[in-house]
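>>> Sequence and predicted structure below; questions after.
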Amino acid sequence: MDSGKFPDSFAWGAATAAYQIEGGWDADGKGPNVWDTFTHQGGDRVYKNQTGDVACGSYTLWEEDLKCIKQLGLTHYRFSLSWSRLLPDGTTGFINQKGINYYNKLIDSLLEMSVTPLVTLYHFDLPQPVEDQGGWLSEKTVEIFEQYAEFCYATFGDRIKHWITINEPYFASRLSYESGIFPPGKELIGTGAYRAAHNMIKAHAKAWHIYNTSFKNKQQGRVSIALDSDWAEPLDPNSLADKEGTERYMHFRLHWFANPIFIDGDYPEIMKSIISQKSKEEGLTCSRLPEFTEEEKAMIKGTADFFCLNYYTTRKVKTLSSETLPSKRYGNSDMGAEGITEPNWPIAGVEWLAVVPWGIRKLLAYIKHCFGNPEIFITENGFAQTDPPALQDVHRWGYFQETLMEVLKAIKQDGVNVKGYFAWSLLDNFEWSFGYSVRFGLFHVDFEQANLPRTPYYSANEYAKVVKGNELIYK
Ligand code: NOJ
């Protein structure tokens, strides 16, 4: 197969997130979030101590973003709301009308252009006052998030029909509360990520329910969560140990969140038994993995109306024996396995991003099989360039093409119900710990110039052709 049509009304999009593009970090009454605090503290935790204070300036230059969207001919645009722009202290106690005005302008303009918005409520930028009360480690955040979600549905839900509650709870919990690479920089190894994730899952479920009971009838929208996952395969396909390691890898990565939400309201057995056993061996009286009550399980089960997948890469998995386990208890050690990359896989701009287009096809078929053939939106996929990037990114477009071809095979040959594809990202932006050194945009942003001009990469022009024809012509 070297070309092919995508299904009718396939959603073609690009994605961004508030902190990564907006800037205006304290404009018009916005409150501080954890990334504002973290980047302002310096300490070399972000490349060259860069910040999102200005980023792509989308808070003021949003019309420039619309021009990019138009140039691509997108049918959909995924962006996130800055929680602390809307609710400066994170709660509905004080509402910032100027924040509402900003998103109203953006949403109304998108709709005028016939572009369907997909809105993420929370994309890593927790309001600092919420973090100060314990952040995701605290049960209180579940309720605060539910109220924030309710406020967003009430304010924008007349026009927004696709909601994503939380972006990548795997990384949001692991990087913020276990490895400490993301704010608040907590290194609670073996416990922090599990506790944070536990509250995120409950917060997501509550946000789904409040929509379902109070808004769905009238607004007719749908709510989901964006789960990220690698595809994984055994390093040695003949090794039973590596096969079992791969199963554990997928469970600690994807099923951790997808099982409770899409299957039965609870964590996978494999996680529960391993972590409980290890906790016992460590002399703890209860498992480091928190438990859901029966009532919570019933509340969590079935709380996604479609499946949102962020896919970037694939790993070969090697089982770790007790001698090779890392001394620190990062997820690897509970999982008893390690994901590695093949030396011949190209790396796209950033060390973790090994380019493995066929991985997306396998992962899509796996999701179909494990989670009841859901409608799937690929809410992120992309490739980076290092700085300075080439405007003629012919190579990178090749990665996009190969990946899209695999998506097409998943749809046509494997019968996976893929409804849309969102390239990460519309613009070069603040790539978290990597600052502006890693460029994921379809549009180049010149961060040296005050007006932050956007220029299409070769990939943008090629992507526009795919979008226009709803078709991939490959080679
Ligand atoms: C996933 C995250 O959602 C996004 O914020 C990030 O920039 C991309 N991956 C690339 O790392």
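Arrived safely.
>>> Could you double-check that Thr60 sits in contact with Gly24?
Yes: taking C-beta atoms under 8 Å as the definition, Thr60 is a contact partner of Gly24 at 6.6 Å. Quick note: C-beta positions are derived from backbone N, CA and C, even for glycine.
>>> Name the residue in the two with the higher neighbour count.
More crowded of Thr60 and Gly24, by other C-beta atoms under 10 Å: Gly24, with 21 against 14.
>>> so Leu61 is in which element?
helix 58-72 (DSSP states H and E).
>>> Determine the set of other helices and strands touching that helix.
strand 11-15, helix 97-112, strand 454-456, helix 458-469 (3 or more C-beta pairs under 8 Å, 6 or more residues apart in numbering; DSSP states H and E).
>>> Which strands border the first one, and is each parallel or antiparallel?
Meaning strand 11-15. strand 76-80 (parallel), strand 418-424 (parallel) (DSSP bridges).
>>> can you tell me the average pLDDT over stretch 208-217?
The average pLDDT within stretch 208-217 is 98.
>>> Same question for stretch 172-191.
97.
>>> So Tyr458 sits against Phe400, correct?
No: in this structure, Tyr458 is not within contact of Phe400 by C-beta under 8 Å, at 10.4 Å.
>>> When those two are compared, which one has more neighbours?
Set Tyr458 next to Phe400 and count neighbours by other C-beta under 10 Å: Phe400 wins out with 22 against 16.
>>> Please name the nearest non-neighbouring residue to that one.
Ser459 (6.1 Å; C-beta to C-beta, 6 or more residues apart in numbering).
>>> ok, now Ser239?
Closest to Ser239 by C-beta to C-beta, 6+ apart is Thr319, at 7.5 Å.
>>> who touches the helix-or-strand element of the chain with minimal mean pLDDT?
Scoring the helices and strands of the chain by mean pLDDT, DSSP states H and E places helix 331-335 at the bottom, with a mean of 82. If you take C-beta atoms under 8 Å, 6 or more residues apart in numbering as the criterion, helix 331-335 is touched by 174, 178, 190, 193, 245, 248-249, 252, 271, 274-275, 278, 320, 325-326, 338.
>>> Go again with 7 Å.
Residues outside helix 331-335 that contact it (C-beta atoms under 7 Å, 6 or more residues apart in numbering): Arg174, Ala193, Arg248, Tyr249, Phe252, Ile274, Ile275, Lys278, Leu320, Leu325, Pro326, Glu338.
>>> The ligand versus the most far-flung residue of the chain relative to its centre, what's the distance?
Here the centre of the chain is the reference, and by C-alpha atoms, centre = their mean the most remote residue is Gly283, at 35.4 Å. From Gly283 across to the ligand, the span is 37 Å (C-beta to the nearest ligand atom, to the nearest Å).
>>> report the angle between the axes of the helix or strand harbouring Val142 and helix 97-112?
Secondary structure from DSSP H and E places Val142 in helix 140-156. With axes from the mean of the first three to the mean of the last three C-alpha atoms, to 10 degrees defining the directions, helix 140-156 sits at 60 degrees from helix 97-112.
>>> pLDDT weak spots in the protein?
Applying pLDDT under 70 to the chain flags residues 1-2, 323-331, 475.
>>> did I read that right, Asn238 in a strand?
No: secondary structure of Asn238 (DSSP: H, G, I helix; E, B strand; the rest coil): coil, not part of a strand.
>>> Okay, it and Thr386: tell me how far apart.
37 Å (C-beta to C-beta, to the nearest Å).
>>> do the same with Gly90
Relative to Thr386, and taking C-beta to C-beta, Gly90 is found at 35 Å.
>>> Strands of the stretch 201-350 of the chain, start to end?
Along the stretch 201-350 of the chain, counting by DSSP state E, counting those that start in this stretch, strands occupy 222-228, 231-234, 307-310, 314-319, 337-340.
>>> For the ligand, give me its nearest residue in the stretch 201-350 of the chain.
Closest to the ligand within the stretch 201-350 of the chain is Asn310: 5.6 Å, counting by C-beta to the nearest ligand atom.
>>> Let me know whether that residue touches Ile225 as I believe.
No: using C-beta atoms under 7 Å, Asn310 makes no contact with Ile225, being 10.7 Å away.
>>> Now do the contacts for the closest residue in space to Ala232 that isn't next to it in sequence.
Nearest non-adjacent residue to Ala232, counting by C-beta to C-beta, 6+ apart: Tyr249, 4.5 Å away. By C-beta under 7 Å, 6+ apart, Tyr249 lies in contact with Ala232, Val317, Met335, Ala337, Gly339.
>>> is the residue nearest to the last one when sequence neighbours are not counted in a bridge, and if so with what?
Meaning Gly339. Leaving out its chain neighbours, the residue that sits closest to Gly339 by C-beta to C-beta, 6+ apart is Arg315, at 3.0 Å. Taking DSSP bridges as the rule, Arg315 bridges to Ala232.
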